[in-house]
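Chemist: structure for this input, please:
(chains A and B)
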Amino acid sequence: NAGVMQNPRHLVRRRGQEARLRCSPMKGHSHVYWYRQLPEEGLKFMVYLQKENIIDESGMPKERFSAEFPKEGPSILRIQQVVRGDSAAYFCASSQPGRGSYNEQFFGPGTRLTVL
Amino acid sequence: SQQGEEDPQALSIQEGENATMNCSYKTSINNLQWYRQNSGRGLVHLILIRSNEREKHSGRLRVTLDTSKKSSSLLITASRAADTASYFCATDANSKLTFGKGITLSVRP
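Modeler: Residues are numbered from 1 along each chain as shown, chains lettered A, B, ... in the order given. Next up is the predicted model:
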């Protein structure tokens, strides 16, 4: 059973370009979470998705950032018109439905975005 | 505001010693989880303790939770050089995890 997969592992973009980060959850997991980690910081929650639904996007910047988790295929975190401040490690996590108070989240290896 | 705050920020010990890391939080939680992150890598889930549990063990790890004090501790016994990493506590209130800034543990061989 493969773990959470993210690609690319490293992404370099110039200011103004778009960044697309992909996350494939663990088999059997239908809940996906995106987190951002700045250097020397802990992870900050961005968005929580279930298949075709955004459940909680309270941590997402209001502009330029969007996320989706289609019925088929990976979850996508999209950052439009990137700026230097978007440089960070972006982690995806997944969990099983119906786990109640367990909600054990399994993390992918992350995508390290560098904006030049 | 930071939900999980770890203490100390950095800890350096000799191999074989025990390492104790603390975490405090502010609001009600469903559970509290501890993660490890090696430099430049992803997070590895270590242990989850539910709000109605007080202590949990997993191998060389022992986690306690005191909901009245809103605090948790992670004890790593008989530490090894391979335990060198950053450790994060994360609180789960409404499915999303809120992380502290982490504790950097260095285990000297």
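
Chemist: whichever residue of chain A sits closest to chain B: how many residues sit nearby?
Modeler: Residue of chain A nearest chain B, by Cβ to the nearest Cβ: A:Gly42 (3.7 Å). To be clear about C-beta, it is placed using only N, CA and C from the backbone, and glycine gets the same treatment. For A:Gly42, the neighbour count with other Cβ atoms under 10 Å in any protein chain shown is 24.

Chemist: check contacts around the residue nearest to it when sequence neighbours are not counted.
Modeler: Leaving aside its sequence neighbours, A:Gly42 sits nearest to B:Phe99 (Cβ to Cβ, 6 or more residues apart in numbering or on different chains; 3.7 Å). Residues in contact with B:Phe99 (Cβ atoms under 8 Å, 6 or more residues apart in numbering or on different chains) are A:Tyr35, A:Gly42, A:Leu43, A:Lys44, B:Gln3, B:Gly4, B:Tyr35, B:Phe88, B:Cys89, B:Ala90.

Chemist: minimum pLDDT in the residues you listed, which residue is that?
Modeler: Lowest in pLDDT among the contacts of B:Phe99 is B:Gln3, which has 58.

Chemist: hmm, A:Trp34 is touching A:Tyr90, no?
Modeler: Yes - using Cβ atoms under 8 Å, A:Trp34 is in contact with A:Tyr90, at 6.5 Å.

Chemist: which residues do those two both contact?
Modeler: A:Leu77.

Chemist: neighbour count winner among those two?
Modeler: More crowded of A:Trp34 and A:Tyr90, by other Cβ under 10 Å: A:Trp34, with 26 against 23.

Chemist: next, that one: secondary structure please.
Modeler: Assigned by DSSP: H, G, I helix; E, B strand; the rest coil, the conformation of A:Trp34 is strand.

Chemist: please apply the same query to B:Ala82.
Modeler: Three-state call for B:Ala82 (three-state DSSP): helix.

Chemist: near chain B, which residues of chain A?
Modeler: Selection of chain A residues close to chain B by Cβ under 8 Å from any Cβ of the partner chain yields A:31, A:33, A:35, A:40-45, A:48, A:55-56, A:58-59, A:91, A:93, A:101-110.

Chemist: now B:Asp7. Nearest residue, chain neighbours left out?
Modeler: Closest residue to B:Asp7 apart from its sequence neighbours, by Cβ to Cβ, 6+ apart: B:Asn22 at 4.5 Å.

Chemist: before we move on, which element is that neighbour in?
Modeler: Element membership of B:Asn22, judged by DSSP states H and E, is strand B:19-24.

Chemist: pLDDT (mean, whole number) over that strand?
Modeler: Per-residue scores along strand B:19-24 average to 94.
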